[in-house]
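**Q** heads up, no residue letters with this:
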């Protein structure tokens, strides 16, 4: 009964999310997400089919290779859509991610066309059999599982590397990365790769390690967790650069003003822009806006965003994110020293939109927590 409950929960959550998704604001990122949830929902039907619809067992197992190899590119496309600098769309180059589906489809077709006795002998009989064709299919099925596990980790590693580059780009555009850093996606990607290694261990060991939690029920718990995390976050997640694309390279842009050289800003230009940024902080208190972006700072300083980005990087040796958060921490230091306001009130007053982001930034810049800093100033 536990297996049926877990399977039903995963299906219900995935189905409910798929129903809600068309009601939300349209976004290209939703299409690969819907494909992910469809794959996960179908994968989770196994226990229900085995228990109540046994006549669908052969079809279900035959479709498994296709679902496995469709899930990986779906994750890749969804991740790509979330980190895209411009609106994501399908390109011919993406077809390469679907090539394994040809082999998976051929294997699934061969399994589905097996006579019922041969299929049962292959998957549900512990007795050895002499049919060479069944031996070949069994080997192909096992090799497919192993290949999928290896391919999963390859995809996960590539997505993690791509996420690191994406987060670095975020720091050039946003003063906070809350809701954009995709930590949840990195976690669920690792969990997916782990789940199939876990499932493979269950398949090979046949619940012999159940006493330490390696069992079919354990695999279903992992699957339900993946579905839940993917649905809960996917409904809210929007592409990071949806409304604020990163600045294009200065060197590739035709200058909108005649004040600077086309190829790069001179040292004098950089100094002038640097002074404007300082005034934006000291006079306009731009850093106190919790939703401050590079585009907003550009409007305040009256300089193109690509020039500001170049000045921060080339002249000041920092990123937009660190430049603004440094100013926020300076304001917080002053308030901690000269007022009795609570740490949370100071965090909100200085432009941070959460206590956790304030503590993280404060510890980074001061190597102390806010409370420790306040206590040290009073000594």
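**A** Nice, I can see it. It should be emphasised that the depicted structure is a prediction, and the values quoted were computed from it without experimental measurement.

**Q** switch to C-alpha atoms for all contacts and neighbour counts from now on
**A** OK.

**Q** now for the spatially most central residue of the chain: which residues touch it?
**A** In the chain, the residue lying closest to the centroid (CA atoms, centre = their mean) is residue 185, at 2.8 Å. Residue 185 makes contacts with residue 230, as judged by CA atoms under 8 Å, 6 or more residues apart in numbering.

**Q** let's see that with 10 Å instead.
**A** 75, 78, 79, 159, 160, 163, 191, 229, 230, 233, 234, 237 (CA atoms under 10 Å, 6 or more residues apart in numbering).

**Q** so for residue 377, what's the pLDDT?
**A** On the pLDDT scale, residue 377 is placed at 86.

**Q** in three-state terms, label it for me.
**A** Secondary structure state of residue 377, per DSSP: H, G, I helix; E, B strand; the rest coil, is helix.

**Q** I'd assumed residue 336 was in contact with it.
**A** Yes - here residue 377 reaches residue 336: they are 8.6 Å apart, a contact under CA atoms under 10 Å.

**Q** in terms of neighbours, single out the busier of those two.
**A** residue 336 (21 against 11; other CA atoms under 10 Å).

**Q** find the helix or strand that that one is a member of.
**A** helix 320-338 (DSSP states H and E).

**Q** flag every buried residue along whatever helix or strand comes next after that helix.
**A** Where DSSP H and E defines the elements, the next helix or strand beyond helix 320-338 is helix 343-349. For helix 343-349, burial by neighbour count (16 or more other CA atoms under 10 Å) applies to 343, 344, 346, 347, 348, 349.

**Q** so how far is helix 343-349 from its chain's centroid?
**A** Relative to the chain's own centre, helix 343-349 is displaced by 29 Å; criterion: CA atoms, centre = their mean, to the nearest Å.

**Q** distance between stretch 89-99 and the chain's centre?
**A** For stretch 89-99, the distance to the chain centre is 20 Å (CA atoms, centre = their mean).

**Q** scratch that, stretch 63-78
**A** 16 Å.

**Q** could you list every helix and strand in contact with the helix holding residue 336?
**A** Judged by 3 or more CA pairs under 10 Å, 6 or more residues apart in numbering; DSSP states H and E, the packing partners of helix 320-338 are helix 132-170, helix 267-282, helix 294-301, helix 305-310, helix 343-349, helix 355-366, helix 370-378.

**Q** put together JSON lines for these, with distance to residue 224 on each row.
**A** Formatted as JSON lines, the helices and strands packed on helix 320-338 follow (distance: least, CA to CA, whole Å):
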{"stretch": "helix 132-170", "distance to residue 224": "18"}
{"stretch": "helix 267-282", "distance to residue 224": "47"}
{"stretch": "helix 294-301", "distance to residue 224": "39"}
{"stretch": "helix 305-310", "distance to residue 224": "43"}
{"stretch": "helix 343-349", "distance to residue 224": "35"}
{"stretch": "helix 355-366", "distance to residue 224": "28"}
{"stretch": "helix 370-378", "distance to residue 224": "39"}
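
**Q** tell me which of those helices sits most buried.
**A** helix 305-310 (a mean of 23; mean count of other CA atoms under 10 Å).

**Q** give the helix, strand or coil label for residue 85.
**A** coil.

**Q** how about the contacts made by it?
**A** Listed by CA under 10 Å, 6+ apart, the contact set of residue 85 reads 166, 169, 239, 240, 241, 242, 243, 244, 245, 246, 247.

**Q** state the distance from it to residue 239.
**A** Applying CA to CA, to the nearest Å, the value for residue 85 to residue 239 is 9 Å.

**Q** re the thing from before, average model confidence for the helix or strand hosting the residue nearest to the centre of the chain?
**A** In this structure, residue 185 sits in helix 183-205 according to DSSP H and E. If you average the pLDDT over helix 183-205, you get 80.

**Q** between it and helix 132-170, how big is the angle?
**A** Helix 183-205 and helix 132-170 are oriented at 160 degrees to each other (axes from the mean of the first three to the mean of the last three CA atoms, to 10 degrees).

**Q** got the buried residues for the helix or strand that helix 183-205 is followed by?
**A** Of the helices and strands lying after helix 183-205 in sequence (DSSP H and E), the nearest is helix 216-234. Buried residues in helix 216-234, counting neighbours by 16+ other CA under 10 Å, are found at 216-228, 230-231, 234.

**Q** repeat that for stretch 19-38.
**A** Neighbour-count burial for stretch 19-38 [16+ other CA under 10 Å]: 21, 27-38.

**Q** also stretch 330-340?
**A** Buried residues in stretch 330-340, counting neighbours by 16+ other CA under 10 Å, are found at 330, 331, 332, 333, 335, 336.

**Q** that stretch - what's its average pLDDT?
**A** 93.

**Q** ok, residue 138 - contacts?
**A** Residues counted as contacts of residue 138 (CA under 10 Å, 6+ apart) are 111, 122, 123, 132, 144.

**Q** of those, which is the nearest to residue 92?
**A** Closest approach to residue 92 among the contacts of residue 138 (CA to CA): residue 144, at 25.7 Å.

**Q** any weak-confidence spans in the protein?
**A** 127-129, 202-215, 248-264, 379 (pLDDT under 70).

**Q** next, the residue at the greatest distance from the centre of it: secondary structure please.
**A** Computed with CA atoms, centre = their mean, the residue of the chain farthest from its C-alpha average is residue 130, at 46.9 Å. For residue 130, the assignment made with three-state DSSP gives coil.
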